[in-house]
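> what's the 3D shape of this:
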Amino acid sequence: MSVLSPGFDIVHELTVSDGAQVFEHGWQSFSPTTAYALGARPHRPTSERNRMLNYRQASHPGPGGYFGEGVLAVADGSGSVHVVAAEDPFTTGTRVQAAVDGSSVVVGADGPVRVSVVPGADVQAALRSWAVDAVATAGLPAARPAPTAWCSWYEYWGDVRREDVVENLEAMRTLDLPVDVVQIDDGYSAEIGDWLIPSDGFADLRGLVETIRGEGRRAGIWLAPFFAGARSRLAAEHPDWLLRHPHGGALHAGHNWNQDLYSVDLSHPGAAEWVHTVFSTFASWGIDYFKIDFIAAGAIPGPRHSGADPVTAYRDGLALIRDAVGVDAHILGCGAPVLPSVGLVDSIRVSADTGHTLAPDDGDMCSPSQEAAQLSAHGRQFMNGVFFANDPDCLIVGAKVENREAWSAHVEQVGGAVVSSDRLLGLDDWGLQTTRRLLAR
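So this is what the prediction gives:
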């Protein structure tokens, strides 16, 4: 029999039959989330880089057995779904594990859980019932819908310039597209962490925000507030603000943008004041839509200045950001610990990044691709409109996008956030009609 990992106590046992499935919930947006036929091999990281950036660094599940972050469900094959979830799924990091022994499944957890058995339901219906109850128990308000948006990322990547944003802003008017928010993505800042220092292409970022608002649109911006790049002024001038090894030295939090990355410890008063200043400055310019990315960096293991555990520190960091931008601003969490974000963000990426191609280059279902994005968005569909508005990632329908018809159908099916990310003047008739239809739904 497969054994549970050390630190996991048995909390539930059940008998299964033909057709049984196990649902694994991944830790953060990019972590694979789906139901598997009993005995099927679950998705696991294909590289250490992927594990660091896209999975939970504190968890090391092997290829055998099943592992849910906060919640796991088993459809027993006889008409019932067994949902095993953390007693407090939003403020703790409880993990749930399932081991298979012939016709039996043993479920363990490393913290308090609640078990519910839902007869006559499929996995998604049972999980939605659990989600509704969890929100009611926590006393959270109803989820708010997401505004429509245009984002610079999938057309211009990090090379975006002010002129690119203005061109698309003007195209929205001439093409009569119902875009609420124009969101400037990665590329406007000098470095990761130096959010108020503009890159060469954005000498007057505040002036661009005024231009967007002058067109009657809302202004949005991208940040990765829990990251500081090794090349950043932030990391050089304030090493004490970074999460550190117990024996000293900044704690490595991943690698991207061709540099090492460090996690900003927002429990440090200086770091907290700085991040609050960044967000309140953007808010004072009139920005009221914030895409905060790679924010799982705020919940990685490591000693904090305040002594808080990683999940508490993460939630405190989100609360600080909310205080800076105000209750009416829209916060989109991306690369976010999913359940610990409930009640603190308005919408959330529920999958890996999409891409112009169907399959991930490295075979990892956390990596940018339509297949990976569809997998986890389907797995988390039960959350939409209950925890937050689900963001399936951007609507990209240009002629260069492989499988664009199926991808647009997926975005429509999710029924959550719709964010266009093409060069609007470059769309053909089908792409423009599809973009207009989904933005207006």
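> distance of the closest residue to residue 7 other than its chain neighbours relative to residue 65?
Nearest residue to residue 7, sequence neighbours excluded (Cβ to Cβ, 6 or more residues apart in numbering): residue 110, at 4.9 Å. Glycine gets a C-beta too; all of them are placed from N, C-alpha and C. Using Cβ to Cβ, to the nearest Å, residue 110 is found at 14 Å from residue 65.
> which stretches of this structure have low pLDDT?
Residue ranges of the chain with pLDDT under 70: 1-2.
> is it true that residue 270 touches residue 237?
No. Counting by Cβ atoms under 8 Å, residue 237 is not a contact partner of residue 270; they are 10.5 Å apart.
> picking that back up, count of residues packed around the residue nearest to residue 7?
Neighbour count of residue 110, defined by other Cβ atoms under 10 Å: 20.
> repeat that for residue 40.
Number of residues near residue 40 (other Cβ under 10 Å) recorded here: 12.
> what about it, which helix or strand?
Per DSSP states H and E: residue 40 is located in neither a helix nor a strand.
> neighbours around the closest residue to residue 268 other than its chain neighbours, how many?
With Cβ to Cβ, 6+ apart as the criterion, residue 268 has its nearest non-adjacent residue at 4.1 Å, and that residue is residue 305. Counted with other Cβ under 10 Å, residues neighbouring residue 305 total 18.
> contacts only, for residue 305.
265, 267, 268, 269 (Cβ atoms under 8 Å, 6 or more residues apart in numbering).
> in helices only, show me these.
residue 269 (DSSP state H).
> among the contacts of residue 305, name the buried ones.
265, 267, 268 (16 or more other Cβ atoms under 10 Å).
> can you map out the strands along the stretch 301-441 of the chain?
Assigned by DSSP state E, counting those that start in this stretch, the stretch 301-441 of the chain shows strands spanning 330-333, 347-349, 389-391, 419-420.
> so which of these comes closest to residue 435?
Counting by Cβ to Cβ, residue 435 lies closest to strand 419-420 out of those; the figure is 5.3 Å.
> pull the residues that contact that closest one.
Taking contacts as Cβ under 8 Å, 6+ apart, the residues outside strand 419-420 that touch it are 148-151, 177, 179, 183, 391, 393-395, 435, 439.
> is it possible to get TSV of those residues that adds distance to residue 371?
Converted to TSV, the contacts of strand 419-420 look like this (distance: Cβ to Cβ, whole Å):
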residue	distance to residue 371
148	25
149	24
150	25
151	21
177	28
179	28
183	25
391	18
393	12
394	16
395	17
435	22
439	25
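> closest one of these to residue 47?
residue 393 (21.3 Å).
> doesn't residue 4 make contact with the residue nearest to residue 7?
No. The criterion here is Cβ under 8 Å, and residue 110 misses it with residue 4 at 9.4 Å.
> could I get the contacting residues of residue 298?
Contacts of residue 298 (Cβ under 8 Å, 6+ apart): 225, 226, 263, 264, 266, 310, 313, 314, 317, 318.
> skipping its backbone neighbours, what lies nearest residue 353 in space?
Nearest to residue 353 is residue 368, by Cβ to Cβ, 6+ apart, at 3.9 Å.
> that neighbour and residue 229, how far apart?
20 Å.
> so where do the helices sit in the chain?
Counting by DSSP H, the helices of the chain are 48-54, 123-138, 153-156, 162-174, 205-214, 233-237, 269-284, 310-325, 370-379, 404-414, 429-439.
> redo those helices as a markdown table? Include distance to residue 82.
Formatted as a markdown table, those follow (distance: least, Cβ to Cβ, whole Å):
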| stretch | distance to residue 82 |
| --- | --- |
| helix 48-54 | 28 |
| helix 123-138 | 8 |
| helix 153-156 | 39 |
| helix 162-174 | 48 |
| helix 205-214 | 49 |
| helix 233-237 | 46 |
| helix 269-284 | 41 |
| helix 310-325 | 25 |
| helix 370-379 | 17 |
| helix 404-414 | 26 |
| helix 429-439 | 37 |
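> so of these, which one's packed in deepest?
helix 370-379 (a mean of 24; mean count of other Cβ atoms under 10 Å).
> next one: it to chain centre, how far?
In terms of Cα atoms, centre = their mean, to the nearest Å, the centre of helix 370-379 is found 13 Å from the chain centre.
> counting by contacts, list what it packs against.
Other helices and strands packing on helix 370-379, by 3 or more Cβ pairs under 8 Å, 6 or more residues apart in numbering; DSSP states H and E, are strand 34-37, helix 404-414.
> tilt between the last one and helix 370-379?
For helix 404-414 and helix 370-379, the angle between their directions (axes from the mean of the first three to the mean of the last three Cα atoms, to 10 degrees) works out to 20 degrees.
> any residues touching helix 404-414, and which ones?
350, 354, 370, 373-374, 377, 381, 384, 390, 392, 395-398, 401, 418, 431, 434, 438, 441.
> now with 10 Å, please.
Here helix 404-414 makes contact (Cβ atoms under 10 Å, 6 or more residues apart in numbering) with 350-351, 354-356, 358, 370, 373-374, 377-378, 380-381, 384, 389-398, 401, 403, 417-420, 422, 430-431, 434-435, 437-438, 441.
> residue 185 contacts residue 159, doesn't it?
No. Residue 185 lies out of contact with residue 159 (Cβ atoms under 10 Å); the separation is 11.0 Å.
> can you work out which residues contact both of those two?
residue 152.
> which of these two has more residues huddled nearby?
residue 185 (22 against 12).
> any idea how far residue 252 is from that one?
In terms of Cβ to Cβ, residue 185 sits 25 Å off from residue 252.
> same check on residue 39?
For residue 39, the distance to residue 252 - Cβ to Cβ - is 36 Å.
> again with residue 296
14 Å.
> for these two, indicate the residue with more neighbours.
Legend: neighbour count by other Cβ under 10 Å for residue 296 and residue 252, higher for residue 296 (32 against 15).
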